[in-house]
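J.: with the sequence up front, the predicted model follows.
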Amino acid sequence: LDADNYETDPCLKEIRRSENYSWMDIVTIHKDKLPNYEEKIKTFYEEHLHLDDEIRYILDGSGYFDVRDKDDKWIRISMEKGDMITLPAGIYHRFTLDENNYVKAMRLFVGEPVWTAYNRPADDFPARKQYMKFLAEEAP
C-alpha cells in the first residue's frame, strides 16, 4: 500500500469498503508521542488475544508482530512502512518495536473499536475456540 498517500490511496479505500472497516485512527508509538510509553510497550508485548480482528497498517517506522502457529510456536512477522496485517480474533499474539523504537500505524475496525486485550491463558472465550476450530480445519 502507498503509506505516503494513505488519505487518497484507492487500494486502501477499496480494502476498507470491501472489509467494512468503518472506523480508524492513527497511533504513534514513540517515547515522545505516546503517553505512558514504557507501560504501553510492556502491555503490547504481553501475549494476549482479542475478541475481534486486529487490523494494523504501518504508515511509518517498523516493528514486529509475534503470533503462535498451530503447534504453539512463535512466528515473528516483520512489519514496515506500507504493510498491513489482519490478526484474526482469538489468535495469541504480541507486538514489539525494533531497534528504531518508532512506528506510526493506522488501526482499523469493523464498527466501534474494542481495545480489550485478554492475556494468556484466555482459552475459554468463544473467539479462541472458533480460531482453534479454524486451525484444525485448515491444518493438513
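T.: Nice, I can see it.
J.: poorly predicted segments of this structure, please.
T.: Low-confidence segments of the chain (pLDDT under 70): 138-140.
J.: contacts for the longest helix along it next, please.
T.: Assignment by DSSP state H gives helix 126-138 as the longest helix of the chain. When contacts are defined by Cβ atoms under 8 Å, 6 or more residues apart in numbering, helix 126-138 is touched by residues 49-52, 70, 88-91, 122-123. Using the backbone N, CA and C atoms, a C-beta is placed for each residue, glycine as well.
J.: how does it look with 10 Å?
T.: With contacts defined as Cβ atoms under 10 Å, 6 or more residues apart in numbering, helix 126-138 is touched by 49-53, 68-71, 88-92, 118, 120-123, 125.
J.: show me these that map onto strands.
T.: Mapping the contacts of helix 126-138 onto strands (DSSP state E) picks out 49, 68, 118.
J.: okay, and the beta partners of the second one?
T.: Under the criterion DSSP bridges, residue 68 forms beta bridges with residue 74.
J.: burial measure for it, as a count.
T.: 17 (other Cβ atoms under 10 Å).
J.: quick check: it touching residue 76?
T.: No. Counting by Cβ atoms under 10 Å, residue 68 stays clear of residue 76, with 11.3 Å between them.
J.: report the separation between the closest residue to residue 131 other than its chain neighbours and residue 5.
T.: Sequence neighbours aside, residue 90 is the residue nearest to residue 131 in space, at 3.0 Å (criterion: Cβ to Cβ, 6 or more residues apart in numbering). Taking Cβ to Cβ, to the nearest Å as the measure, residue 90 and residue 5 are separated by 33 Å.
J.: which SSE is residue 86 in?
T.: Here residue 86 sits within strand 84-87, counting by DSSP states H and E.
J.: helix or strand right after that strand?
T.: strand 93-97.
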